[in-house]
Every structure is written in C-alpha cells, then in structure tokens.
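>>> this one's sequence-less:
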C-alpha cells in the first residue's frame with residue numbers, strides 16, 4: 001500500500017494550446033508507463049480519448065492517468081483549456097492537492113491562465129508553474145516569469161530556466177543544484193553552469209532564498225547574518241512555503257521534446273503536497289485526511305456512456321473503501337453497494353480491491369449519486385454543504401429533432417449528458433413547446449451535441465430559443481357575451497358580463513365574483529372562471545399567454561334548462577377575448593438582471609453595447625484582478641447572442657451571469673414585427 005504522504009494528485013490548468021495534454025504524455029512516456037508518446041494531432045494520446053476530442057484536437061473533458069513510480073503514486077489530471085469547459089477545471093482543481101499552471105513560453109500569461117488561476121486561488125491550492133515550449137520561436141521565459149509575478153501577487157520562485165546557445169535551447173539550468181542539464185535527443189548529461197550564466201543563476205537563487213527564508217525564522221536569522229543556506233534547508237523551506245500557498249515554484253521545459261520533464265517530476269516528488277497537506281475546508285463536517293478514520297469521499301465527476309453506463313469518480317478524503325462495501329450518500333439519503341473499484345488511466349479503468357485517503361477512483365453504476373455529493377460509510381453518515389459554485393450558463397439554444405421519431409432518444413441522451421456536466425442544462429419550455437439547452441458558450445454546446453451524435457447516435461438542429469412573451473391590457477374594459485345555441489333536445493345557454501382591469505407587473509391573474517341576486521347560479525361561477533383561465537393561455541395579439549389582469553364577473557343570465565358548465569365556459573372565453581381587444585392590449589417581454597465581468601479597459605465599450613441592446617445600466621463597481629462588474633437590466637431578446645459578442649469584444653476575457661427579473665412592455669415600434677412573426681409561426685404549425 002502506498003503511504004498517503006507519497007501520493008501526488010496534480011491538476012494541469014492553463015490556456016488552450018499551452019501543452020497540458022502533451023506534458024502529461026511526456027511524463028507518462030518518460031516514466032516508462034507508456035510505450036510510445038501520443039500526439040494530439042494524431043489523436044492517440046492517453047488523455048484525449050473522447051471521439052469529439054480526437055476530432056477537434058483539443059481537450060473538452062478533464063481526464064486522469066494514475067501510475068506508480070519509485071514508491072510514489074501519481075494522479076495526473078489534464079483539464080480543458082477552453083473557458084467553455086470551466087466546470088471541468090473547477091471540480092478537478094477542487095480535488096487536486098497540487099495545481100500546475102502550464103504557460104506557453106511564446107504566449108506568456110493568456111486569458112484562460114488568469115481564469116484558472118482565480119479558481120486555484122479561491123480554493124487556496126498550492127500552485128506551481130511549468131513554462132512550456134522553451135524551444136519554440138519567439139519563446140521568452142523571462143517575460144513569462146515577470147507576467148506570472150504580477151498575476152500571482154506572491155513569491156514566484158524560479159527553480160530552473162532555459163540554457164540557450166544562440167537561437168537554440170540546449171538544456172536547463174537548475175538554480176538549487178547549480179548544475180546544467182544538457183539535452184541531445186533522448187540523452188541527458190550534467191555539466192557545470194556556463195560562466196556567462198552564473199550571474200543569472202545568482203539572481204534567481206537569491207530570489208529563491210529570500211522567498212524560502214520567510215517560511216523559517218531560523219533560516220531568516222542565518223540569512224540576515226550572512227551565513228550560507230545549504231540546499232537541504234532551502235528545499236525544506238521551499239516545500240513549506242509551497243504547501244502553505246506562499247511560494248509559486250517555476251519549472252520550464254519542452255513537453256514535445258521531453259525536456260525538463262524529469263526535473264519537474266523530481267520537484268513534484270521532493271516538495272509537492274500530499275493529501276495530508278491540503279485537506280478540503282468544509283462547512284458542516286470536519287473531514288481530516290485520516291487513514292484510520294471512517295470512510296468519506298467527494299464525487300467530482302460523472303461520465304455517462306451508452307455502452308458502459310454511468311461511471312462515478314471520487315476523491316477519498318478519509319478512511320478507505322473496499323469492493324463489497326456499502327456506502328451512504330448524505331445528499332440523497334440513500335445507500336448503495338460498491339461492487340467494483342477502479343483507478344482511471346485515460347479511457348481505461350484498472351480494477352483495484354480498495355481505495356484509501358488521497359486516491360482518485362471510479363465506481364460503476366451508482367444510481368442516486370451526482371457531482372458534488374459526499375459519500376460515507378453507513379455507520380458514520382455525513383451531510384456537507386455544497387463547496388463549489390459553477391458559473392451560470394451564458395448561452396441558450398433550442399433543439400429540434402432531425403427525425404421526429406427519435407425525440408425520446410434525444411431527450412434521454414441530453415438528460416444523461418447533463419448528468420455528467422453540471423454547466424450544461426436541459427429543459428422543456430411548455431410555453432414554446434421547445435427543448436432548450438444552455439451552456440457556457442457556443443463551443444460548449446457544439447461539443448455537447450457532437451457527443452450526443454457520436455455517443456447516442458442521434459442528431460438535432462439548433463435554433464434560437466423563442467422568447468416567452470406575455471400579453472396584457474393597459475386600460476379597463478367591459479365585455480359581454482351570450483352563448484346561445486339550439487339543437488335537438490337541450491340547447492346551450494350561457495351569458496356573462498365581465499370587467500377587465502390591468503394589474504401591476506408580477507401580480508398574475510385575479511378572478512373576482514360580484515354576482516348578486518342569482519343572475520348566474522353559484523354552481524356556474526366556477527365554470528366562468530375555468531373558461532377565463534383557459535382564455536388566458538392565448539391572447540388576442542400573438543396567441544401568447546395573458547398576465548397581470550383582474551377579471552370581475554358582475555352580471556349575466558342563465559336558462560333553467562339549457563344552461564350548462566360548457567356553455568358558461570364558452571361564454572367566458574369569448575367575453576374575455578372581447579375584453580382584451582377593448583383593453584388596448586400590449587406585449588410584455590422578460591427582462592433579465594445581468595452582471596457583466598470585464599477587465600477595466602473594456603468597461604466603456606461594453607457599457608455602450610448594453611445601451612444598444614435596450615439595456616439600462618444599474619451601476620458598476622471594481623472587483624479583484626483589475627475587473628469591473630457592470631450591473632444592468634436587459635431584455636432577454638437582446639441578450640441571447642450576447643455571449644459571442646462579449647467574447648469578441650473582450651478577447652475572451654469577459655463573462656456574465658443573468659437571472660430573470662420581471663416582465664415589461666415591449667416598445668410599440670417592435671411589437672408589430674414580433675406579432676407578425678408569431679402569426680406566421682402559428683399558421684405554419686396548423
């Protein structure tokens with residue numbers, strides 16, 4: 001059994017294209033875990049195994065590779081670099097004990113770098129940097145480090161840096177050992193540092209020592225009294241500072257050429273954090289990473305495959321679990337038996353007899369468990385509050401089956417995909433009779449529908465979701481309708497007089513009975529209300545539901561023989577339509593409360609765009625990391641395409657959240673177009 005202190009769970013985060021997947025491939029190959037090094041372009045990597053990932057040549061899921069080496073167990077977690085899949089980054093960062101931000105040496109700190117750093121900082125995770133692609137044209141290691149220092153706002157300490165000769169990178173210089181590692185193909189040799197680099201080594205070493213001695217009073221005294229700091233003490237202090245999230249170590253290399261990989265892994269082994277160093281901080285439960293304690297685990301990922309079924313990924317926080325054990329889910333308050341346990345290696349699952357503290361494992365066919373649930377043993381049940389928050393979906397699309405006979409398969413597939421992705425939402429809108437899917441961005445929705453096609457064998461057409469408009473009146477009106485029909489036998493007779501009044505927004509519908517003297521018998525009053533409620537379903541302008549109206553029934557008449565429930569319902573429906581026409585009807589549209597997060601330099605442009613969308617700015621305030629949050633109210637019809645526009649205007653750095661606020665009248669100059677389109681749609685569906 002691997003000791004807990006020798007387990008390393010590390011999540012690789014960063015911008016798309018920075019080389020996270022290739023870095024994982026290089027680590028696996030260098031440690032002789034794989035026989036060949038996979039390529040993203042060739043679609044044969046361990047981590048990118050989903051058919052959609054292979055086709056797109058980019059990660060869209062977080063994937064895990066587990067292996068053991070020299071008495072250590074490593075869990076490598078490769079995360080997507082597109083902001084559309086930020087949910088995968090949130091959950092895997094949550095369960096990682098180490099976070100490595102992979103930076104492209106030629107591009108430096110990019111948009112997604114900043115977003116993923118904020119997640120790691122929010123969860124107070126120890127973080128290191130791997131500056132990748134030091135052999136690329138226009139590579140600039142020093143500039144990338146300086147950008148990292150501004151972003152980190154803490155000690156950024158260089159562990160090694162590129163050894164350049166002319167325009168080529170020959171190897172890596174280690175600041176701690178003060179040795180040069182020279183690369184020639186697959187061979188690595190160690191040599192003394194070239195004389196022209198000694199000054200640079202001394203600069204980085206001084207920065208490293210100054211960061212380290214802040215973690216140890218004894219070392220600080222030695223440093224201030226000009227006593228030498230040996231490497232053992234330096235490593236010990238560096239490890240403490242890293243684990244306590246005070247120091248960000250910087251490594252460098254080339255994942256493609258496997259340069260710097262061994263040095264990076266040696267550093268992770270020497271001063272990386274174990275599960276004992278980074279316990280999850282929870283409300284409602286004290287779950288210390290104790291091997292001998294009762295079992296506790298967090299579900300952080302769920303995958304659904306039409307052939308394999310449901311696979312639930314867990315991080316063991318305390319104790320251990322064995323195949324055959326029964327676990328308790330505090331969220332669903334249900335128990336389930338564990339028949340098999342696996343540790344993941346890309347798409348493969350290697351069966352194991354047990355999982356212990358710090359392990360990441362997969363459990364097949366758990367029925368009632370979902371992302372964010374906590375598991376425990378039945379004798380020590382725990383119930384913990386949710387400890388993460390996903391961004392709200394920023395874009396919605398309607399979904400239509402290409403083959404109407406496949407609607408059940410589509411609904412089932414979308415529902416199962418939503419189970420595995422908490423940032424992907426599916427709902428049926430009964431008002432518009434549409435299936436509406438929502439996600440973080442266009443790429444997110446496109447990739448999810450590609451999964452639907454490849455994994456569930458069904459295709460759909462995407463469209464802009466319909467707006468759930470409402471109709472109402474703007475002035476009082478009166479209406480009367482007498483339904484009189486004579487047929488063989490009993491006829492039909494129902495006669496009502498009603499008054500309609502507009503209500504305040506959000507008040508809905510009120511029915512008032514003011515019948516006196518038995519003009520309409522009491523047993524028919526519910527029939528009148530039932531008819532009016534039926535009429536509320538389709539207004540007189542565009543057939544939209546009617547809202548914010550009070551209907552007063554004040555008079556009418558009946559026939560001893562011919563009056564009936566249906567007759568009064570029909571009379572009420574027709575009277576209501578007349579009352580609507582006489583009440584100066586108008587359209588209402590949903591207004592959304594929107595919060596837009598943008599870097600300072602884009603705030604003015606975005607505020608101008610909000611105004612162009614008929615939005616009203618409610619305020620603006622500064623938040624951390626040089627961002628402004630613009631608070632506004634914008635009609636839903638205007639904000640449907642805002643995600644792609646915001647992404648373009650802010651170079652991918654902006655994002656927004658929104659929620660329904662209320663309904664408001666649509667400007668009169670826009671109503672005719674909406675009504676005409678609605679009538680055409682209703683005619684086409686007849």
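Perfect, thanks for sending it. Small disclaimer: the values here were computed from a predicted structure and weren't measured.

>>> and the residue nearest the centre of this protein?
residue 87 (3.0 Å; C-alpha atoms, centre = their mean).

>>> quick one: contacts for residue 507?
residue 548 (C-beta atoms under 8 Å, 6 or more residues apart in numbering). Yep, even glycine has a C-beta here, placed from its N, CA and C like the rest.

>>> doesn't it fall inside a helix?
No. With DSSP: H, G, I helix; E, B strand; the rest coil as the criterion, residue 507 is located in coil rather than a helix.

>>> quick check: it vs residue 550, distance?
Using C-beta to C-beta, to the nearest Å, we find residue 507 at a distance of 8 Å from residue 550.

>>> next one: residue 408
42 Å.

>>> now do residue 354
Residue 354 is 66 Å from residue 550, by C-beta to C-beta.

>>> one more: residue 201?
82 Å.

>>> in terms of neighbours, single out the busier of these two.
Between residue 201 and residue 550, counting by other C-beta atoms under 10 Å, residue 201 is the more crowded of the two (20 against 17).

>>> wait, doesn't the more buried one sit right on residue 177?
No. Under the criterion of C-beta atoms under 8 Å, residue 201 makes no contact with residue 177, lying 10.4 Å away.

>>> who does the lengthiest strand in the chain pair up with?
When the chain is parsed with DSSP state E, its longest strand is strand 585-599. Strand 585-599 has its sheet partners listed here by DSSP bridges as strand 470-473 (antiparallel), strand 627-635 (antiparallel), strand 655-665 (antiparallel).

>>> can you pull the contacts of residue 139?
So residue 139 contacts 105, 106, 133, 162, 169 (C-beta under 8 Å, 6+ apart).

>>> immediately after the helix or strand where the last one lies, which helix or strand?
Under the criterion of DSSP states H and E, residue 169 resides in strand 168-174. Read in the C-terminal direction, the helix or strand following strand 168-174 is strand 179-184, with elements assigned using DSSP H and E.

>>> which residues touch the helix or strand just after that next one?
Toward the C-terminus, strand 179-184 is succeeded by strand 187-192 as the next helix or strand (DSSP H and E). Residues outside strand 187-192 that contact it (C-beta under 8 Å, 6+ apart): 171, 179, 180, 181, 182, 262.

>>> export those to TSV and tack on distance to residue 36?
Below are these laid out as TSV (distance: C-beta to C-beta, whole Å):
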residue	distance to residue 36
171	24
179	30
180	29
181	24
182	25
262	18
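
>>> most neighbours of all those, which one?
residue 171 (24 neighbours).

>>> doesn't residue 181 make contact with it?
Yes. The criterion here is C-beta under 8 Å, and residue 171 meets it with residue 181 at 4.9 Å.

>>> and for those two, which residues touch both?
Contacts common to residue 171 and residue 181, judged by C-beta under 8 Å, 6+ apart, are 163, 188.

>>> for the helix or strand where the residue nearest to the centre of the chain lies, the averaged confidence score.
Element membership for residue 87 (DSSP H and E) is helix 86-95. Throughout helix 86-95, pLDDT has a mean value of 91.

>>> now tell me what touches it from outside.
9, 11, 13, 60-62, 77, 79-80, 99, 115-116, 119-120, 123, 125, 280, 298, 300-301, 315, 360, 371, 387-388, 390-391, 421-423, 440.

>>> swap in stretch 30-47?
With C-beta under 8 Å, 6+ apart as the criterion, stretch 30-47 contacts 21-22, 24-26, 28-29, 48, 54-55, 57-59, 63, 65, 67, 69, 76, 78, 258, 261-262, 265, 345-346.

>>> what mean pLDDT does that stretch get?
Computed over stretch 30-47, the average pLDDT equals 92.

>>> what is the end-to-end distance of that stretch?
Its first and final residues considered, stretch 30-47 spans 16 Å by C-alpha to C-alpha, to the nearest Å.

>>> ok, back up a step: pick the most deeply packed of the strands paired with strand 585-599.
The highest mean neighbour count among those, using mean count of other C-beta atoms under 10 Å, belongs to strand 470-473: a mean of 24.

>>> heading C-terminal from it, find the next helix or strand.
strand 477-485.

>>> chain center to whichever helix or strand comes after that following strand: distance?
Once the chain leaves strand 477-485, the next helix or strand it forms, by DSSP H and E, is strand 492-502. With C-alpha atoms, centre = their mean, to the nearest Å as the basis, strand 492-502 stands 51 Å off its chain's centre.

>>> C-terminal to strand 492-502, what's the next element?
Scanning onward from strand 492-502 (DSSP H and E), the first element met is strand 509-513.

>>> and the contacts of that following strand?
Counting by C-beta under 8 Å, 6+ apart, 503, 525, 529, 532-533, 536, 546-553 sit against strand 509-513.

>>> can those residues go into JSON lines with extra columns for distance to residue 511 and pLDDT?
JSON lines is the format used below for the contacts of strand 509-513 (distance: C-beta to C-beta, whole Å; pLDDT from 0 to 100):
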{"residue": "503", "distance to residue 511": "12", "pLDDT": "96"}
{"residue": "525", "distance to residue 511": "9", "pLDDT": "95"}
{"residue": "529", "distance to residue 511": "5", "pLDDT": "96"}
{"residue": "532", "distance to residue 511": "6", "pLDDT": "97"}
{"residue": "533", "distance to residue 511": "8", "pLDDT": "96"}
{"residue": "536", "distance to residue 511": "10", "pLDDT": "96"}
{"residue": "546", "distance to residue 511": "13", "pLDDT": "96"}
{"residue": "547", "distance to residue 511": "14", "pLDDT": "95"}
{"residue": "548", "distance to residue 511": "14", "pLDDT": "96"}
{"residue": "549", "distance to residue 511": "10", "pLDDT": "97"}
{"residue": "550", "distance to residue 511": "8", "pLDDT": "97"}
{"residue": "551", "distance to residue 511": "5", "pLDDT": "97"}
{"residue": "552", "distance to residue 511": "8", "pLDDT": "97"}
{"residue": "553", "distance to residue 511": "7", "pLDDT": "96"}
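
>>> nothing else from me, thank you.
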